[in-house]
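Participant: Predicted coordinates and the sequence they were generated for:
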Amino acid sequence: MSAAVLIAAVVGGGVLVLMRRLFPAKKAGKLLRYAAGTMRGKTVIVTGANSGIGRALSAELLKLQARVIMACRDRGSAEEAARDIRRKAGAEQGEVVVKHLDLASLGSVRRFCEEISQEESKIDVLVNNAGLYQCPYMTTEDGFEMQLGVNHLGHFLLTHLLLDLLKTSAPSRIVVVSSKLYKYGHINFDDLNSESDYNKSFCYSQSKLANLLFTLELARRLEGTGVTVNALTPGIVRTRLGRHVQIPFLAKPLFYLASLIFFKSPLEGAQTPLYLTCSPEVEGVSGKCFANCEEEELMAKATDDQAAKKLWDVSSRMVGLTD
């Protein structure tokens, strides 16, 4: 046996053992089925809709005859995805609109919201889905640590600027995609922008905890408006989110095989956001987190009212908002 084959076997075996320890075998989830026309007349904005969960969700909404606004940084990729989901949606489908949105630029967020306010008479659902995972240290156009900037601050400003339209469209919904990895983070208010120290794993977890605290505080502020907001943790899904994770070359084939066994497909990962977008079961429900289409119990740090309010105030200052 050659040295390369031996190394591949050892590394690959280690990957499989690690995957088995970290991730239980995925449950065969039942795909949701809604009546054709369920979302007819509804306008839904999905950020990061050109790939992964966002693309799968957009495809399902199109089949349900929604007007889907795909809000994406890469317009070319989004146009290609839109063509593909149109082709597969069948004769009775909704409408797809592609819009440029770079959540790493507050200027882009503001321009996007101005266009939406001018062109759209209503928004029925806003799905804050786009995200970055464990990227090397870099900053947004406005100087924020990239994961915090895209995963939290960009969506924070986006949601704030669309709130008036969401309120006039009530009953309407906001859906926030978080992650179970929030459990490994905390909000480092002393160095929120990770200027003193950067740990890519911690920063991702911090941003996903921020998503949950944002949901908590936003729900409180939206009481009585007819606008609800709920978060979700989709589980481990085969998407491009992990593109910055370095995997040894020899282990890549086995890692791919393991992902087929242990990870959800994008369509499976899209079931909970689809549920929160469409289901009458969650009409009027707000401030909760869901996993596998069921309410999820969160750790205390994700339900801390004081931390949620403090994060809201800090985030407002960082993106240039005043209450």
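Facilitator: Right, received. Where do you want to start?
Participant: For residue 228, give its distance to residue 127.
Facilitator: Separation of residue 228 from residue 127 (C-beta to C-beta, to the nearest Å): 13 Å. All C-beta atoms are positioned from the backbone trio N, CA, C, and that covers glycine.
Participant: Please apply the same query to residue 160.
Facilitator: 16 Å.
Participant: about what we covered before: any residues in contact with both of residue 228 and residue 127?
Facilitator: Listed as contacting both residue 228 and residue 127 by C-beta atoms under 8 Å, 6 or more residues apart in numbering are residue 174.
Participant: In this model residue 194 seems to touch residue 145, though I could be wrong.
Facilitator: Yes: if you go by C-beta atoms under 8 Å, residue 145 and residue 194 touch, sitting 4.4 Å apart.
Participant: These two - which one has more neighbours?
Facilitator: residue 145 (24 against 20; other C-beta atoms under 10 Å).
Participant: For beta bridges, what are the partners of that one?
Facilitator: residue 139 (DSSP bridges).
Participant: Do you know the pLDDT at it?
Facilitator: Each residue has a pLDDT score; the one for residue 145 is 98.
Participant: Which residues are in contact with it?
Facilitator: 137, 139, 193, 194, 195, 198, 203.
Participant: Same check on residue 95?
Facilitator: 62, 66, 67, 68.
Participant: Look up the residues forming beta bridges with it.
Facilitator: Residue 95 has the following beta-bridge partners by DSSP bridges: residue 67.
Participant: Check the gap between it and residue 282 for me.
Facilitator: Distance from residue 95 to residue 282, by C-beta to C-beta: 24 Å.
Participant: same thing with residue 41?
Facilitator: Distance check for residue 41 against residue 282: by C-beta to C-beta, it reads 19 Å.
Participant: These two: which is more packed in?
Facilitator: In terms of neighbours (other C-beta under 10 Å), residue 282 is the more surrounded of residue 41 and residue 282; the figures are 19 against 11.
Participant: And the pLDDT at the residue nearest to the more buried one when sequence neighbours are not counted?
Facilitator: Excluding the flanking residues, the one nearest residue 282 by C-beta to C-beta, 6 or more residues apart in numbering is residue 276, at 5.9 Å. pLDDT, residue 276: 98.
Participant: helix or strand for residue 276, which one?
Facilitator: Element membership for residue 276 (DSSP states H and E) is helix 271-278.
Participant: Following element in sequence after that helix, please.
Facilitator: Sequence order places strand 289-291 as the next helix or strand after helix 271-278, per DSSP H and E.
Participant: Please state the offset of the next helix-or-strand element following that next one from the chain centre?
Facilitator: Per DSSP H and E, the first helix or strand lying C-terminal to strand 289-291 is strand 294-295. Its chain's C-alpha centre and that of strand 294-295 lie 17 Å apart, by C-alpha atoms, centre = their mean, to the nearest Å.
Participant: Check which element follows strand 294-295 along the chain.
Facilitator: helix 305-318.
Participant: Give the rounded mean pLDDT of that following helix.
Facilitator: The model assigns helix 305-318 a mean pLDDT of 98.
Participant: Pull out the buried positions in the longest helix along the chain.
Facilitator: Ranked by residue count under DSSP state H, the longest helix found in the chain is helix 200-221. Buried positions in helix 200-221, judged by neighbour count with 16 or more other C-beta atoms under 10 Å: 200, 202-219.
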